[in-house]
Each structure stands twice: as C-alpha cells, then as structure tokens.
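return a 3D structure for these sequence lines:
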Amino acid sequence: MTGLRGLFIVLCIILSGCSSQENLTSSSKIIKINFATDPPSLDPRKAADNISSYLATMCFDGLTRLTPQGDVELSLAKSCVISEDGLSYVFTLKEAYWSDGNQLTAYDFEKSWKSLLDPLFPSQGAFLLYPIKHAKQAKAGEVALESVGIKAIDSTTLQIELEHPSPHFFELLTCSCFYPYTDRVAIHNRACLEKKEGHFLSLGPFYIEKYKPQHTISLRKNPHYWDKDRVQLEGIEVFFVSDQNTELSMYEQGELDWVGSPCTSLPTEAMNSLKKRSDFHEYSIPGLYYYAMNTQKPPLSNANIRKALSLAINRRELSEHAIQMNMEPATRLIPMMLRTNTPLTFRDADKEKAKAYFLQGCAELGYKPNNFPKITLSYNAGIGMHFKLVQAIQQEWKETLGINTELATLEWKVYLDSLAQHDFQIARLGIYSPSLDPAFFLELFAYKNGFNNHGGWHHPSFEKLFISAVTTLDANKRLAFIQEAEELFLEEMPIIPLFFYRNSYLKKNSLHNVVLTNGQLDFKWAKIE
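As a prediction, this is how the structure comes out:
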C-alpha cells in the first residue's frame, strides 16, 4: 500500500524588510522553533490542540505517515490487506522499538486506541476513531470496549473492522490520536515530568531530552527509531515565547530558524514588509477559522440573532486591512478547496439583512433592540491577529447592530478549559480536516457532545444527513447529502465562519523538507543544506 496518494487536511514592531538570512552551517543539525506556549498535554491521545499534536508528531509515529510530497505512506505498518468490501484492514507491523528498547507490538495499538474510547478517558479526539466498528457506541458507554473492531491477532498483526467503508482511512491514521501510547509509557513520562529528570519514552524520530516548562523543550534524534537513517536533524529546540515582536526579533538575530504558522502568527503590522522577502512563504489548508457560539443559553440560542452577528461582519475588509493576511472570507462551512457541488454562501457584510435578522430575533426573545444584553467574546492570548480581529468585530457589531461586546482574553490552557466546560458566550476557534473528506466539517457539529461542538448546537435532521452521507456507497448521493446538510447548517448558523486558512511563515532558506501538508508539522524528513 506504500505510495497511496493522500493529503492530510482535523484550535511586533515593524522590522526591516531586509532578512539577516544567516544560513545554518552544515555542522549545525539542531534547529530552533517557537511554540509560544507549553503544550497542554504530552499524551498524543489527549492532543486536542495544534501544539500538542505537533510535539506528538516529533516524538511518536503511526501506522501511516505523511511525506513532504503529501503522500500517505505506511510507517510502523509493513503491509496492509484490505477486504473487498472495504470493512476490514489487517496491518502487519514493522520491527520497531520504544526508546527504552522495548519492542512495539500490536497489543500496544489495541490498548492505546481502546483507552481513547473508554467513556472515562478525557480524549476530545476520540471521534476520529468513530469509523471503527462500535467505537462511537463504546465511547458513549453503550457497548463494552471488547466489542470494538480493534484486535491484536498476535504481536505483529492488528485487525481493524469498520462500521462502513472509509475512503480516507489511511489519512486518518496519520493523526496523533492513532499513535500508540500505552499506560506504561504514560506513567513513565509523567514521572519524568514531575521529577524534571530522565528521558521521556518515544517511538518517533525524536525524543524529549529535557523539558523546562514555560521555557524550552530539547528534543534529540531517537537512536531507536525504526527509520532513523532518514532522519537528518540531530535535534530540535522548542522555545515558548508568547510575544510576536520578540519572536520575530529572535529570528532576525539567528536565534530561531522558523517563525509564524503553523505554531504562531507573524505580526500583522509587519506583513506588508515581510511579504517582499525571499524567506517568506504562504500556503493554504482546508481549515476554518471561526467563532463558536454557546447556543444553550439566550440570546445565542436564537438562530436569527446568530445570523445577524455573522452577516454583520465584513470578512474581506478584516482580511485585507485588519490582519493583512490574505485569508479567504468564509461564507460557508466547508472550505472552498473541498467544495462539493455548487458553492453555498451567504453574502459577506450583508448589513441590511443582519439588521433585519437582529430585529426579528429580538422580537422572538422579548428584547428591546436598544436594550440588548452585553455579550462576551473570548479569545486566547499571545496571538496578535486574534486581538485585532476581536477589536474590529466588536466595533462592527456596535455600529451595525448596536450591540455592546466585552472582550475576554485567557491564557491557552485556561481558554481550553473554558471551552470544554462550555463556559463562554462567543469564542475564537480554528479547525482543519485530517483528510480530504468534506464530511469531516459536518461531523464536528453532528452530535451535541461531539468534539469541537463547544456551542452545544444539535439538529436531528443535520445529524441524520451526516450519517446518510458517511454510510452511503454512492458518491453522488454522498455529495447531495453533504450539500443538504450544509444548507441546513447555514440556515441555523450555530457558528460564525470567518476565514478559510491561508498561513504564512518565515523560514531560513537552508532548511528544507518540512511537512506542512494541510496543517500538519513534521520534521522527520527535514534537512539543512
């Protein structure tokens, strides 16, 4: 199955335009990057954010992995036999070892994946396993874990049974939640973190040699990695610098080799200057930057109020002037690069219609338009783009609808907790698809308690359309179900779509072969020339 084509699609002072561009010397095989904040978790099973996922990709591996060319290749799997009906996958593992010398087994995969599906295990990414037979029911506590279609036949053979054929299953397997991570490894690594000493167990290209919270993570090449001969870097130094001005200054002084996306953002006020440089790069991913709305309580329980807030925003103006990042305005749910049939949109900055929806919503809720309650817009600290956007949108809502908005900024871990507890009114979020399947964006909101459905919106017809889409074998019917579901979604407007991601970053010109396909970040194949 090697060579299967696939792309991995799934939350400053203006400096001189002249780049220092000191090339990394051939003797320097350790690169320096910035994460802005500590990863909320070192456990790939719990990686619900980009930072945790990027670190997991450095330290672990899966049955499949993305290449710099965007292909999906077998990684820890040596071979795979797929049944004719597409419901059974039998993987044979390569000989691979954990960084403490213990051999990887198929039982490690079975234990790890089933632990995610334990109803008591806190994993927001468990939904990615739902194509597997009985996985969703097990997570809901409706069936025993033993009935899930994950079984180690022996130490080197893993059998997976699916609920229905999944054309993007190999792409899904590149996600960090599918990396094997047993309780034995979790206990060891947790002890290392608590004692602040010892080597963290790893299965991937690198291992954590030292972790100083709120300061640095030092990663070194893993000598036990099964594919170590293709890993050319000797290590990665990860910094936690939250200020974008400081981050860019460190890059200019040669203290960082990469700044900006996908880990952080470049300072918006410097973008016009940075775009002229040879070390500036841009790329698009099938991802959505949006505002979640807590639909469980008024006034955001009202669809007309939600539509008013969405239509009052001028996305094009924000993209070109407020953040200067050339992001594509999102006037639908599914990214345009995954468009299904005829593009479904609402008109950007439709101020008059926004006002009409607002008046209708106020009447339905019993509010006087001139006495509408203040709403709170939350966002995570450390990224200048988020701050500029909330300020601009706060002003637009005031000017168009007369709504007063309070801004709340929270540190990353606190912010994630507030989302998990539904303790917000409107909150900034971002998501990208782990595969080329447009149905992924429907699945985010198909279930009331689903991953990333922080606003708690649920519509039985929407859920039914999603299920019909992912279970039908007819490609045309599948697209029809997806389009109908998206139409219903836009009519309900449970979120405020803002932009489809177009990321930008600065990278030393001597650094090559970093995987950025569809939002992933992988330095396995990176090299310095």
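
OK, contacts around Glu161?
Neighbour list for Glu161: 87-88, 132-133, 149 [criterion: C-beta atoms under 8 Å, 6 or more residues apart in numbering]. All C-beta atoms are positioned from the backbone trio N, CA, C, and that covers glycine.

most surrounded residue in those?
Each of the contacts of Glu161 was scored by neighbours using other C-beta atoms under 10 Å; the highest score is Ile132's, at 22 neighbours.

quick one: it and Leu158 touch, right?
No: with contact defined as C-beta atoms under 8 Å, Ile132 does not reach Leu158; the gap is 11.7 Å.

in the stretch 51-200 of the chain, which spans are strands?
Shown for the stretch 51-200 of the chain, the strands assigned by DSSP state E, counting those that start in this stretch span residues 64-66, 72-74, 77-82, 88-93, 150-154, 157-161.

among these, which comes closest to Leu498?
In this view, the strands of the stretch 51-200 of the chain are compared for proximity to Leu498 by C-beta to C-beta, and strand 64-66 is the closest at 26.9 Å.

and the strand or helix carrying Gly287, what does it pack against?
When elements are defined using DSSP states H and E, Gly287 is found to belong to strand 280-293. The contact analysis (3 or more C-beta pairs under 8 Å, 6 or more residues apart in numbering; DSSP states H and E) places strand 280-293 against strand 426-432, strand 495-507.

what's the angle from the helix or strand following that strand to strand 495-507?
From strand 280-293 onward toward the C-terminus, using DSSP H and E, the following helix or strand is helix 303-311. With axes from the mean of the first three to the mean of the last three C-alpha atoms, to 10 degrees applied, the angle from helix 303-311 to strand 495-507 works out at 30 degrees.

contacts for helix 303-311?
Identification of contacts with helix 303-311 by C-beta under 8 Å, 6+ apart yields 293, 295, 299-300, 346-347, 349-351, 353-355, 357-358, 360-362, 364-365, 397, 401, 403, 426, 491-494, 496-497.

contacts only, for the closest residue to Leu129 other than its chain neighbours.
Ranked by C-beta to C-beta, 6 or more residues apart in numbering and with sequence neighbours excluded, the top spatial neighbour of Leu129 is Ala135, at 4.6 Å. Ala135 makes contact with 117, 126, 129, 148-150, 163 under the criterion C-beta under 8 Å, 6+ apart.

now those as a markdown table including pLDDT?
Formatted as a markdown table, those follow (pLDDT from 0 to 100):
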| residue | pLDDT |
| --- | --- |
| Leu117 | 96 |
| Ala126 | 89 |
| Leu129 | 93 |
| Val148 | 97 |
| Gly149 | 97 |
| Ile150 | 98 |
| Glu163 | 92 |
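
residues near Gln232, how many?
Summarising burial for Gln232: neighbours were counted as other C-beta under 10 Å, giving 17.

on that earlier part again, closest one of the contacts of Ala135 to Pro286?
Leu129 (20.6 Å).

of the contacts of Ala135, select the buried ones using a ChimeraX command.
Filtering the contacts of Ala135 down to the buried ones (16 or more other C-beta atoms under 10 Å) takes a single ChimeraX command:
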select :117,126,129,148,149,150,163
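
make a markdown table out of the contacts of Ala135 and add distance to Cys175.
Formatted as a markdown table, the contacts of Ala135 follow (distance: C-beta to C-beta, whole Å):
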| residue | distance to Cys175 |
| --- | --- |
| Leu117 | 15 |
| Ala126 | 11 |
| Leu129 | 9 |
| Val148 | 17 |
| Gly149 | 18 |
| Ile150 | 15 |
| Glu163 | 18 |
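
narrow the contacts of Ala135 to those in helices?
The helices in this structure, assigned by DSSP state H, contain Leu117 from the contacts of Ala135.

tell me which of the contacts of Ala135 is nearest to Leu256?
Within the set of the contacts of Ala135, Ala126 lies nearest Leu256; the separation is 34.6 Å, counting by C-beta to C-beta.

surely the closest one touches Lys139?
Yes: the pair Ala126 and Lys139 qualifies as a contact (C-beta under 8 Å) at a distance of 5.3 Å.

now do the shared contacts for these two.
In the contact map built from C-beta under 8 Å, 6+ apart, the residues linked to both Ala126 and Lys139 are 116-117.

tell me the contacts of the nearest residue to Asn404 once chain neighbours are set aside?
Nearest-residue entry for Asn404: Lys374, 4.6 Å, with adjacent residues in sequence omitted and distances by C-beta to C-beta, 6+ apart. Under the criterion of C-beta under 8 Å, 6+ apart, the contact partners of Lys374 comprise 403-406.

let me know the pLDDT of Lys374.
In this prediction, Lys374 carries a pLDDT score of 96.
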